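Undergrad: A predicted structure for the sequence below; I have some questions about it.
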Amino acid sequence: MSLPERLDDLANMTGFPQFSRRFAAKTQHGLHLRWSPIVALTLATAGIVVAAAAPHPHYALGISLLSLAQAIATTLSLLGPIKPFGTLVGVDERDRQLRRDGYLAAFAAVSFVAIVALLALTGLALIEPWDRDRLLFMMPVLAFYLLCLLLTIPTLYASWATRPIEDE
């Protein structure tokens, strides 16, 4: 047995190739995750509030909450009811419409939150004694929060817009 065959066997023992084939096919609809996106949004919002309000040594708590929310949001976008963009197998008009509506809702929400958050950061910088370093810290935190929203809101929209299909 050659080295590439051994490596293939080792990879097949992990189960990832089988999972990848099933995920690529994904002919059945994904899970209806109604409450998990709300948990991710709550963690992300708590993370950005803690990062904005905490003194310098406690920045890590806010970033940790945002990172946990980002991990949950990424998992939800993979397992949720919206099928990924690259897949053509098992995608019908309903799936395309649901994906489009979910991402349009996410884009609208992210745009609104970005404008409000930038105005709030500007206001906080004027009211509070924030220096340049604090503002430079908050801009990537805000971008990370917006990315978490962009991953979570389509799953949240699709999970609440449709009813779960009962197994027969």
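TA: Alright, I've got the coordinates. Numbers count the residues shown, from 1 in each chain.
Undergrad: mind splitting the protein into its structural domains?
TA: The chain breaks down by automatic domain parsing into domains covering 1-29, 31-161.
Undergrad: which stretches of this structure form helices?
TA: Per DSSP state H, the chain carries helices over the ranges 3-14, 16-25, 36-53, 59-79, 93-127, 132-161.
Undergrad: select from those the stretch with the lowest mean pLDDT.
TA: Among these, helix 16-25 carries the lowest mean pLDDT, at a mean of 66.
Undergrad: returning to what we had before: tell me which of the domains of the chain sits most buried.
TA: The highest mean neighbour count among the domains of the chain, using mean count of other CB atoms under 10 Å, belongs to domain 31-161: a mean of 16. Using the backbone N, CA and C atoms, a C-beta is placed for each residue, glycine as well.
Undergrad: and that one, how far from the chain's centre?
TA: In this view, domain 31-161 has its centroid 6 Å away from the chain centroid, taken as CA atoms, centre = their mean, to the nearest Å.
Undergrad: give me the contact list for stretch 149-162.
TA: Contact partners of stretch 149-162, identified using CB atoms under 8 Å, 6 or more residues apart in numbering, comprise 32-34, 36-38, 40-41, 44, 69-70, 72-74, 76-77, 80-82, 98-99, 101-103, 105-107, 109-110, 113.
Undergrad: which ones are touching the residue nearest to Thr45 when sequence neighbours are not counted?
TA: For Thr45, ignoring the flanking residues on the chain, the nearest one in space by CB to CB, 6 or more residues apart in numbering is Tyr145 at 7.8 Å. Contacts of Tyr145 were listed using CB under 8 Å, 6+ apart, and they are 44-45, 47-48, 66, 113, 117.
Undergrad: let's see it at 10 Å
TA: Counting by CB atoms under 10 Å, 6 or more residues apart in numbering, Tyr145 touches 41, 44-45, 47-49, 51, 62, 66, 69-70, 110, 113-114, 117, 138.
Undergrad: and if you look at Pro37?
TA: Pro37 neighbours (CB under 10 Å, 6+ apart): 72-73, 76-77, 80, 151-160.
Undergrad: and if you look at Ala69?
TA: For Ala69, the contact set (CB under 10 Å, 6+ apart) comprises 39-48, 144-145, 148-149, 151-152.
Undergrad: and if we set it to 8 Å?
TA: 40-41, 43-44, 47, 148, 152.
Undergrad: take those and lay them out in JSON lines including distance to Leu121.
TA: Formatted as JSON lines, the contacts of Ala69 follow (distance: CB to CB, whole Å):
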{"residue": "Ala40", "distance to Leu121": "22"}
{"residue": "Leu41", "distance to Leu121": "20"}
{"residue": "Leu43", "distance to Leu121": "20"}
{"residue": "Ala44", "distance to Leu121": "16"}
{"residue": "Gly47", "distance to Leu121": "15"}
{"residue": "Cys148", "distance to Leu121": "17"}
{"residue": "Thr152", "distance to Leu121": "21"}
